[in-house]
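>>> With the input below, show me the fold.
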Amino acid sequence: MKFAELDDKYGHFYAPQFEIEVDGRNLSKEGAIISSVTVDQSLDEADHFSFTIDHAFDKATVDIKWIDLFLPATKRVTIRMGYAGKLELMLIGMVTSITTKFPSSGPPQLEVSGLDLSNLLMQKKEPRSWNNLKHSDLAERLAMENQLKSDVENTHIEYPKITKDSRKNDYQFLQSLAQQNYFDFYVFGDTLYFRAPDLKSDPFLTLVWQQNLLQFQPELNFAGQVQEVEVRGWDPKAKREIVGTARVGDEAGRQSHSRERTGGELVSGSSANKISENARIPVFSQQQADQLARSILNEHAEGLIKGSGETIGIPEIKPGKRIQLDGLGKRFSKAYYIVKSTHTIGSSGYTTIFHIKENAL
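I've put the predicted structure just below:
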């Protein structure tokens, strides 16, 4: 998508607008004066929203307005953002907190905040176990149990037994499964996503510094970069050691024709010995050991470049997409993977701050 297309779609980014509904009731149309709204979207944690209602005190009844509208807390909150009637879905969630402010001067305010429907996965902690299932099977099953649709990629490896202890809720459990597969796990709208990061797709948008990219701050971090990962386990049936290995070149999204170098390659000359990580993890097959080794290698590799940027409010900037940033010199003018975005509409207009990661330079 070209920036000019968004410029046309949103009427040159004039007149930022938002829409907040609670169980289908539009707050603004019912008279609520909402001064600001923020939506945080992330691949690492549940999406979060907050908004402020001004003049929340009814002098006629001498009571706070609007609180009853959000009760019970199971009501669905839908937030859309955009410009001049062109609004995009940003979040469907549930209220988790309402703060009332009684200032020394001026009318009271309500600050309402909550989480996306990941909140459904956080309600209880209990020990469970499953036999002969893949991680992707479990993601689909837990989505269904929590009244969510699912978009799940096949993880292929079937486990003889998978256990969840009482210290983890379903959300934390799925996070751990995603980490083992180097998958993205998140909820958007009413759908649970569990899939490999889309690191090879074309960037959906190009931003240029000092044109439509207001600022960008990348950080190169060579600490923790490795050239090789070994996962060692024991096969009790065959009575032999299982060794899974991943090396430089196995990083996700690696383009064979690219001249860029990963963190493992960039630190390869910093020591006389190979920089490696050895992990002892219970595994039951060679396939599982290799998968875990690749996942650990990728966790290290993706820390090479991390950063944040800011632009005018663009609803389409969301985690799980690749974005091209230009005008930053030959090293930093490239495509990045978005891991977090913060969309805010307030008195200063609509802004989007996004965070990125990249495993090669």
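>>> Would you verify that Gln324 is located in a helix?
No: in this structure, Gln324 is strand, not part of a helix, as judged by DSSP: H, G, I helix; E, B strand; the rest coil.
>>> now it: how far from Ala301?
Here the criterion is Cβ to Cβ, to the nearest Å. By it, Gln324 lies 20 Å from Ala301. Yep, even glycine has a C-beta here, placed from its N, CA and C like the rest.
>>> More neighbours: these two, which one.
Legend: neighbour count by other Cβ atoms under 10 Å for Gln324 and Ala301, higher for Ala301 (27 against 15).
>>> if I pick the more buried one, what's in contact with it?
Gln225, Glu251, Ala252, Thr262, Gly263, Gly264, Asn359 (Cβ atoms under 8 Å, 6 or more residues apart in numbering).
>>> Provide the secondary structure category for Lys29.
Per three-state DSSP, the secondary structure class of Lys29 is coil.
>>> Just give me the neighbour total for it.
When neighbours are counted by other Cβ under 10 Å, Lys29 registers 9.
>>> pLDDT score for it?
Looking at Lys29, its pLDDT stands at 95.
>>> next one: Trp234
Looking at Trp234, its pLDDT stands at 85.
>>> quick one: what helix or strand has the nearest residue to it once chain neighbours are set aside in it?
Counting by Cβ to Cβ, 6 or more residues apart in numbering, Glu241 is the residue found nearest to Trp234 once chain neighbours are left out, at 6.0 Å. Element membership of Glu241, judged by DSSP states H and E, is strand 240-247.
>>> Identify the bridge partners of the closest residue to Ser258 other than its chain neighbours.
Spatial nearest neighbour of Ser258, chain neighbours left out: Ala360 (6.8 Å); criterion: Cβ to Cβ, 6+ apart. When assigned by DSSP bridges, Ala360 has beta-bridge partners Thr262.
>>> try Arg25
On the basis of DSSP bridges, Arg25 is bridged to Val22.
>>> For it, give its distance to Ile92.
Counting by Cβ to Cβ, the separation of Arg25 from Ile92 is 14 Å.
>>> before we move on, what about Asp137?
Distance from Asp137 to Ile92, by Cβ to Cβ: 25 Å.
>>> Just say helix, strand or coil for Met144.
helix.
>>> isn't Ile79 right next to Phe49, touching?
Yes: with contact defined as Cβ atoms under 8 Å, Ile79 reaches Phe49; the gap is 5.8 Å.
>>> overlap in contacts of these two?
Shared contacts of Ile79 and Phe49, defined by Cβ under 8 Å, 6+ apart, are found at Val37, Val39, Met90, Leu91, Gly93.
>>> Closest to Gly114 out of those residues?
Nearest to Gly114 among the shared contacts of Ile79 and Phe49 is Gly93, at 5.0 Å by Cβ to Cβ.
>>> Can you tell me the SS state at that closest one?
Secondary structure for Gly93, judged by three-state DSSP, is strand.
>>> Report pLDDT for the closest residue in space to it that isn't next to it in sequence.
Nearest non-adjacent residue to Gly93, counting by Cβ to Cβ, 6+ apart: Asp116, 4.3 Å away. The model reports Asp116 with a pLDDT of 98.
>>> tell me the contacts of Asp116?
Asp116 neighbours (Cβ under 8 Å, 6+ apart): Ala46, Asp47, His48, Phe49, Leu91, Ile92, Gly93, Val187, Phe188.
>>> Closest one to Asp235 out of the residues you listed, please.
Lowest distance from Asp235 to these (Cβ to Cβ) belongs to Val187, with 36.5 Å.
>>> Look up how far Ser104 lies from that closest one.
40 Å.
>>> Pick out whichever of the two has more residues nearby.
Neighbours per residue (other Cβ under 10 Å) separate Val187 from Ser104, with Val187 holding more: 28 against 4.
>>> Once you drop chain neighbours, what's closest to that one?
Distances taken as Cβ to Cβ, 6+ apart place Ser118 nearest to Val187, at 4.5 Å, with adjacent residues excluded.
>>> can you check Asn146 too?
That would be Leu120: by Cβ to Cβ, 6+ apart, it lies 4.3 Å from Asn146.
>>> Just the pLDDT at the one you found, thanks.
Per-residue confidence (pLDDT) for Leu120: 97.
>>> for it, phi and psi?
For Leu120, the backbone dihedrals (degrees, to the nearest 10) come out as phi -60, psi -30.
>>> before we move on, back to that, between Arg25 and Ile92, which one's more packed in?
Between Arg25 and Ile92, counted using other Cβ under 10 Å, Ile92 has the larger neighbour count: 19 against 12.
>>> care to break this protein down by domain?
Listed by automatic domain parsing, the domain ranges of the chain are 16-120, 122-195, 205-220+305-358, 228-301.
>>> Among those, which comes closest to Phe3?
Here domain 205-220+305-358 is closest among the domains of the chain (Cβ to Cβ), at 5.6 Å.
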